[in-house]
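Asker: below: sequence and its predicted model.
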Amino acid sequence: MKRLVVLFLGILLVSAVSAQEKKFDVNAVPDTLKKFNVNYMVGTSFSTDLKSGSAFSSYFSSKLNYSLSNKFNLELIPTVTSSSFSNYKLWTLGSYAATLDDKINVVSLSGQANYKLSDKTYIGSSLLFEQNVNHFDGYQGSPVRNINTQSLNIFVGHEFSPNFKIEVGVGLNRYNNPAYMDALPLTTSPRW
């Protein structure tokens, strides 16, 4: 567990240091492909179960992008998420219900490979490892004490415009969450 956190923090440190990009004149070298790129994303969200529960989440994510060629691209996305739940109902089955009333801190690491078949069509695969770093006690209705996730996805997509694309895929997912529901949706979506 501690090794995962140390590895994760190391990846964030490397991405922060490597964000200091060297400037070069694109016109001077027209055939040069920018191989490495780093982006950062910070955000927050609020959700409710429309009854008595609410959830507030915030996250920091770094996207490390490496292009092997103009058709083949690799991405590595480490993310830290902190969420606070207050009497949040996850699922109900008859008179039996699972609610969450706790703070959850999650680290995740996702990777993705894309290959362009044409200018608009691509295929790819993604891996995700998500681990909560605190064993919380506020999950009522189940003996499960974490919401760890591992997933492998294979997909094909078509980009109709820069703002609209469609992806179809198949995936294998393993949740330690009996509701098979993601309480932290950003961290299980490695593509952004």
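Answerer: Received the coordinates, thanks. Numbers count the residues shown, from 1 in each chain.
Asker: low-confidence ranges, the protein, go.
Answerer: The model of the chain has pLDDT under 70 over residues 1-33, 91, 135-147, 175-192.
Asker: apply 50 and report the result again.
Answerer: 20-22, 24, 26, 29-30, 143-144, 178-192 (pLDDT under 50).
Asker: just the strands from it, written as ranges.
Answerer: 36-48, 54-67, 72-86, 88-93, 96-100, 103-116, 121-132, 139-140, 149-161, 164-175 (DSSP state E).
Asker: using CSV, lay out these together with mean neighbour count.
Answerer: (Each C-beta comes from the backbone N, C-alpha and C, glycine too.) Converted to CSV, those look like this (neighbours: other Cβ atoms under 10 Å):
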stretch, mean neighbour count
strand 36-48, 12
strand 54-67, 17
strand 72-86, 19
strand 88-93, 16
strand 96-100, 17
strand 103-116, 19
strand 121-132, 18
strand 139-140, 19
strand 149-161, 15
strand 164-175, 11
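Asker: tell me the bridge partners for residue 149.
Answerer: Beta bridges link residue 149 to residue 130, residue 175 when assigned by DSSP bridges.
Asker: okay but it is in contact with residue 110, surely?
Answerer: No: with contact defined as Cβ atoms under 8 Å, residue 149 and residue 110 do not form a contacting pair (10.2 Å).
Asker: what do these two both touch?
Answerer: Listed as contacting both residue 149 and residue 110 by Cβ atoms under 8 Å, 6 or more residues apart in numbering are 128-129.
Asker: show me what contacts residue 117?
Answerer: Per Cβ under 8 Å, 6+ apart, neighbours of residue 117: residue 123.
Asker: that one and residue 159, how far apart?
Answerer: For residue 117, the distance to residue 159 equals 11 Å [Cβ to Cβ, to the nearest Å].
Asker: hey, what's in contact with both of the two?
Answerer: What both residue 117 and residue 159 touch, as defined by Cβ under 8 Å, 6+ apart, is an empty set.
Asker: partners of the spatially closest residue to residue 120 that is not a sequence neighbour in the sheet?
Answerer: Distance criterion Cβ to Cβ, 6 or more residues apart in numbering; nearest residue to residue 120, sequence neighbours excluded, is residue 159 at 5.1 Å. According to DSSP bridges, the partner residues bridging residue 159 are residue 165.
Asker: show me what the residue nearest to residue 154 when sequence neighbours are not counted is bridged to.
Answerer: Closest residue to residue 154 apart from its sequence neighbours, by Cβ to Cβ, 6+ apart: residue 125 at 4.9 Å. Beta-bridge partners recorded for residue 125 (DSSP bridges): residue 113, residue 154.
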